[in-house]
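Engineer: no FASTA, just this:
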């Protein structure tokens, strides 16, 4: 029994090392990816987010990589994309969510679900950082970033596609849209330079 446990320990250590290496490689990978909500598996379809950076600005474009039309709820208030901004020291800058103070209609009307064809692109969000005395500030949908010091940041966009039901304004009833993909889409990582 003792020999067996000694043999298992190096295998367990090897397994942990492999998992750590995969995790580190995933963090350094510059490509984006999607995760299916139902299975939890990582996949490249149906959506990809392409993030670009330049002149203290960011732009995220959503691309339908599948071979069929995809429906999506494109609403900055109900299903916004989030921006992950990480400093050189590894600290994540958390924005203020302006939806906390606003009174908004959170009804997912069917007309808010838009079709996007195969290979088509849609602007997901964009922003330009403004310089002030206390650093840089900017808005990404409902999220406000304030007092970011000058420097280089690693940035990634994350978008959750969660809602599959909508309110049919003709009947006044909720209905499920069958062609809505549910999952998480993460963009490629870019460097944001704030001079």
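Structural biologist: Here it is on my side, so go on. Because the structure is a prediction, the values reported are computed rather than measured. Numbering: from 1, shown residues only.
Engineer: what about the closest residue to residue 120 other than its chain neighbours, neighbour count?
Structural biologist: Once flanking residues are discounted, residue 120 sits nearest to residue 64: 5.4 Å by C-beta to C-beta, 6 or more residues apart in numbering. To be clear about C-beta, it is placed using only N, CA and C from the backbone, and glycine gets the same treatment. By other C-beta atoms under 10 Å, the residues close to residue 64 number 22.
Engineer: Repeat that for residue 157.
Structural biologist: Using other C-beta under 10 Å: residue 157 sits among 26 other residues.
Engineer: worst-scoring helix or strand of the protein, pLDDT-wise?
Structural biologist: helix 2-28 (a mean of 36; mean pLDDT, DSSP states H and E).
Engineer: In the protein, which residue is most central in space?
Structural biologist: Here the mean C-alpha position of the chain is nearest to the C-alpha of residue 158 (C-alpha atoms, centre = their mean), at a distance of 0.8 Å.
Engineer: what helix or strand does that residue sit in?
Structural biologist: Assessed by DSSP states H and E, residue 158 sits inside strand 151-161.
Engineer: partner strands of that strand, parallel or antiparallel?
Structural biologist: In the sheet, strand 151-161 lines up against strand 81-86 (antiparallel), strand 183-186 (antiparallel), strand 190-194 (antiparallel) (DSSP bridges).
Engineer: circling back to that earlier point, do you know how far the residue nearest to residue 120 is from residue 94?
Structural biologist: 30 Å (C-beta to C-beta, to the nearest Å).
Engineer: now swap in residue 120 and tell me
Structural biologist: Computed as C-beta to C-beta, the residue 120 to residue 94 distance reads 33 Å.
Engineer: do residue 78 as well
Structural biologist: 21 Å.
Engineer: So for those two, which sits in the more crowded spot?
Structural biologist: With neighbours defined as other C-beta under 10 Å, residue 78 and residue 94 compare such that residue 78 has more, 17 against 10.
Engineer: Kindly state the domain boundaries assigned to this structure.
Structural biologist: 1-30, 32-194 (automatic domain parsing).
Engineer: What is the end-to-end distance of the longest one?
Structural biologist: Between the opening and closing residues of domain 32-194 there is a gap of 23 Å (C-alpha to C-alpha, to the nearest Å).
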